[in-house]
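Undergrad: Sharing a model prediction with you, sequence too.
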Amino acid sequence: MRRNRIGTKAEFLWAWDVEDISQMNGPLAVQEYIQELIRADSSNIKQIITPPPEVDIHVWQYEHLRQFILELNLLVTQLKGLCTAQTCPKMKATEDWLYLCAAHKKAQECSAIDYMIHNLDQSTSILTNIKTYPSRVSINPQNATNNFAFIVRRLYRLFSHTYFNHKEIFEDFENEMFLCTRFTEFALKFDLMSPKLITIPKEALKL
Ligand SMILES: [Zn+2]
Ligand SMILES: [Zn+2]
């Protein structure tokens, strides 16, 4: 049975085999499939980001982005109390870059933690806008490409701020979740971000 029984030991939680996506159906099948792959082995990035032939490529990207947002919220939770308006009054990665927060009518200088929260919220509202994305089983390609690249570029900054300013948190999180590695591979695979914008060194990733 694909359910965690009450009293299951932690190591056996979600310990069922990954289901064959062609046997899964319903609007959440792709999301469930991605989550199962991550639970089964979060280090198996190639498998996690490779779309099965029967899944629409834009639906695949869309569901991955939603998943990244879920997991990035966990990263921000780890940063709370350590990344504050006092420690990081501006959103920076390295010294040379200052990011203005575009989540407002007029772009403004938000503190790093606010920038991260505002951009996660903005990305969520773009992806859950029922007018642009009325369905989770088919996506108008025009609504995919531009929005997805926009979101990916902004979310990547959460990783770069964390890496360059809170390295310990970055490393702990990456060791467990492989999230930045997955995100980077995903962005490059689907051409959602220029390799020039990748600022975190390869050595920090789990390739
Ligand atoms: Zn910070
Ligand atoms: Zn803001």
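TA: Nice, thanks for sending it over. Ligands and ions are numbered 1, 2, ... in the order given.

Undergrad: Which positions in the chain make contact with ligand 2?
TA: Contacts of the chain with ligand 2, taken as Cβ under 5 Å from the ion, map to 101, 103, 110, 118. C-beta here means a position set from N, CA and C on the backbone, and glycine is covered the same way.

Undergrad: of all those, which two lie farthest apart?
TA: Spatial extent of the residues of the chain next to ligand 2 (Cβ to Cβ) is set by the pair Ala103 and Cys110 at 7.9 Å.

Undergrad: Determine the residues that are contacts of both of the two.
TA: Contact with both Ala103 and Cys110 is made by residues His118, according to Cβ atoms under 8 Å, 6 or more residues apart in numbering.

Undergrad: Compare those two (neighbour count), which wins?
TA: Set side by side, Ala103 and Cys110 show more neighbours around Cys110, with 22 against 19, by other Cβ atoms under 10 Å.

Undergrad: Could I get the pLDDT score of that one?
TA: Looking at Cys110, its pLDDT is 97.

Undergrad: and if you look at the one 3 residues further on?
TA: According to the per-residue confidence, Ile113 scores 97 in pLDDT.

Undergrad: quick one: contacts for it?
TA: 76, 79-80, 83-85, 88.

Undergrad: In this structure Ser43 contacts Leu179, no?
TA: No: counting by Cβ atoms under 8 Å, Ser43 does not reach Leu179; the two are 11.2 Å apart.

Undergrad: Looking at the two, which one has more neighbours?
TA: The neighbour comparison of Ser43 against Leu179 (other Cβ under 10 Å) goes to Leu179, with 23 against 14.

Undergrad: My read is that that one contacts Leu72, right?
TA: Yes: counting by Cβ under 8 Å, Leu179 touches Leu72, with 7.3 Å between them.

Undergrad: In which helix or strand does Ala85 reside?
TA: Here Ala85 sits in a region with no helix or strand, counting by DSSP states H and E.
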